[in-house]
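> no FASTA, just this:
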DNA sequence: GACCTCATGTTGACAATGTCAATATAGTCG
DNA sequence: CGACTATATTGACATTGTCAACATGAGGTC
């Protein structure tokens, strides 16, 4: 290896991403990432302010990917119910496929988004995608409430599957449909 | 302080509980707890196998408290909808009132319940309380699905409030009612 | 080419933490 | 009283985040 790595930042992020699901974010060490990237233990500090900053970049990438998946799932002539069911499936699959990343993205103990603008923006963009999909199920006066229920529901289910083993990927499709039906039932119910 | 503390275990747990919300569980150190309890750094190991075991005891206590709150909220002649709305409020209040404890209880990175029988039993008992309350909303054939939606919903909302600042305690009552209505709408919807 | 600047890289160092090991204390029992 | 044992302290060690000092080399200027 030449003195200058030439691609140190990317190598560090790649190393971190590779280690994340095995170690979990709390146990992931900067030294471990540096070693895996063929760098010394101080090298990450040339590219990231501290450990949190490196994790925040992983978070940003995660939201970008999630948002992209939601966006690219749009189909011409989609019925809102079908669109929502598929979006729920995408969200759940994302969480179940990369549990440690999901936990990092939606937790504030290790990465506080208020301190990381770019990651926060990526989060907002991804969640706006989901929100719009859910809101399409509702009368205009109820979109905020229905979006909130939709997000809470799919997020809660995903988190509980990851953290408590509530259910596995085999149930995903069935549950996505159940959640879409739930939102539909709420959107149709008479307002309080 | 006499050589033998006389109440070391309880003092350690009290110290941990006091420090938990300030530090967060990941940053909470056993040494800090020991110091706060007036003990040396090795003393916790006389009472707990390791750091995780001490945290697991906090988790057990947390579930016990949550379960007790749900149980003691029962009122004679309660309508299922009212009972559910109040239960949702209790769950959300618990999470918002002790966010770090909530995160610890419902996360498996720091405490894996499969390794801590008593904590796991306390969790099952508390969640069975919630499940029964939600299930009372549903026809007998649908109780599993409705319970799953109920838990996912209230859990997701609580978690998102804690981790993303989705909403604050001022909205709790209104949202509890919304969630109860959502479950009601689902329970009444024609099955797929 | 020599010199300067600066971003990036290495190594030494330090404090903090989890946990192991050796030693000390004191309560209980026969 | 001696033996035993649970509990407590202190020494030690490996690991980790991060600071500081020093080293490297690419790019720019003269």
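All right, it came through fine. Computed from a prediction, not measured in an experiment: that's the story for all the values here.
> Tell me the residues of chain A that contact DNA strand D?
Residues of chain A lying near DNA strand D by CB under 7 Å from any atom of the strand: A:2-4, A:28-32, A:41-42, A:45, A:50-52. For the C-beta atoms, the positions are set from N, CA and C on the backbone; glycine is no exception.
> how deep is whichever residue of chain A sits closest to chain B tucked in, by neighbour count?
Using CB to the nearest CB, residue A:156 is the residue of chain A that sits closest to chain B, at 2.4 Å. By the criterion of other CB atoms under 10 Å in any protein chain shown, residue A:156 has 26 neighbours.
> other SSEs contacting the host helix or strand of residue A:53?
Here residue A:53, judged by DSSP states H and E, is contained in helix A:51-72. On a contact count with 3 or more CB pairs under 8 Å, 6 or more residues apart in numbering or on different chains; DSSP states H and E, helix A:51-72 meets helix A:8-23, helix A:30-36, helix A:80-97, helix A:99-105, helix A:117-135.
> go with 7 Å
helix A:8-23, helix A:80-97, helix A:99-105, helix A:117-135 (3 or more CB pairs under 7 Å, 6 or more residues apart in numbering or on different chains; DSSP states H and E).
> highest average neighbour count across the ones you listed?
Ranked by mean neighbour count under mean count of other CB atoms under 10 Å in any protein chain shown, the helices and strands packed on helix A:51-72 are led by helix A:99-105, which reaches a mean of 23.
> any idea of the mean pLDDT in that helix?
Averaged over helix A:99-105, pLDDT sits at 98.
> Against which helices or strands is that helix packed?
On a contact count with 3+ CB pairs under 7 Å, 6+ apart, helix A:99-105 meets helix A:8-23, helix A:51-72, helix A:143-164.
> So what touches the last one?
To tie it back to what came earlier, the one meant is helix A:143-164. Residues outside helix A:143-164 that contact it (CB atoms under 7 Å, 6 or more residues apart in numbering or on different chains) are A:88, A:91-92, A:95-96, A:99, A:102-103, A:130-131, A:134-135, A:137-138, A:166-167, A:175, A:179, A:182-183, A:186-187, B:106-108, B:149, B:151-153, B:155-157, B:159-160, B:178, B:182.
> what do you get for the second one?
Around helix A:51-72, the neighbours that count as contacts under CB under 7 Å, 6+ apart are A:12-13, A:16-17, A:20, A:25, A:30, A:44, A:48, A:87, A:90, A:94, A:101, A:104-105, A:110-111, A:116, A:118-119, A:122-123, A:125-126, A:129-130.
> Share the number of residues neighbouring residue A:41, please.
13.
> An error on my part: the question was meant for residue A:174.
Using other CB under 10 Å, residue A:174 has 13 other residues around it.
> cool, and residue A:76?
Neighbour tally, residue A:76, other CB under 10 Å: 4.
> rewinding a little: among the residues of chain A next to DNA strand D, who's most crowded?
Ranking the residues of chain A next to DNA strand D using other CB under 10 Å puts residue A:28 first, with 23 neighbours.
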